[in-house]
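Trainee: Below are the sequence and a predicted model; questions follow.
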Amino acid sequence: MKGSREKKSTGARIKIQARVMLDDDIAFGPGKAELLTAIQTTGSISAAGKHLGMSYRRAWLLVDSINRCFQQPLVETATGGTQGGGTRLTPLGTDVLERYQQLQQDIRALGEKHFPKFKPLLRKKPIPPA
């Protein structure tokens, strides 16, 4: 393979991920859900970004995008002070994250129900490109 990483063989599977769109912007999707989950765990945009292997700037831009797409912010930050600041999900942020996780679960279940109709039609491995 020309300079690309070798792919692991994972066999046939179905992968469906929901994205909530607002015009051409992804208001919410799997990456933003991961980031909100990491913010919930770490209490910090910086630490959440590090945990996910992204820069603080990228994490901040995603948070900004999320907050601009919803009627109210999903993430709020507090600066410095005696408590040292931090970041947390708003009640709406927690609600949206839970709704999205439920949507993903429902979609996965539907995909798994229909995948057996496709699996027998697939090759064991794809034919390499010419």
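Mentor: Received the coordinates, thanks. Just so it is clear, the model here is predicted, and its values are computed rather than measured.

Trainee: counting contacts, what elements does the longest helix belonging to the chain pack onto?
Mentor: If you go by DSSP state H, the chain has its longest helix at helix 91-114. Judged by 3 or more CB pairs under 8 Å, 6 or more residues apart in numbering; DSSP states H and E, the packing partners of helix 91-114 are helix 30-42. For the C-beta atoms, the positions are set from N, CA and C on the backbone; glycine is no exception.

Trainee: List the buried residues of the helix it packs on.
Mentor: Residues of helix 30-42 classed as buried by neighbour count (16 or more other CB atoms under 10 Å): K32, A33, L35, L36, T37, A38, I39, Q40, T42.

Trainee: residues in contact with the closest residue to L110 other than its chain neighbours?
Mentor: In space, and not counting its chain neighbours, L110 is closest to I16: 7.9 Å by CB to CB, 6 or more residues apart in numbering. The contact partners of I16, taken as CB atoms under 8 Å, 6 or more residues apart in numbering, are I107, R108, L110, G111.

Trainee: Wait, the first one touches A18, no?
Mentor: Yes - if you go by CB atoms under 8 Å, I107 and A18 touch, sitting 5.7 Å apart.
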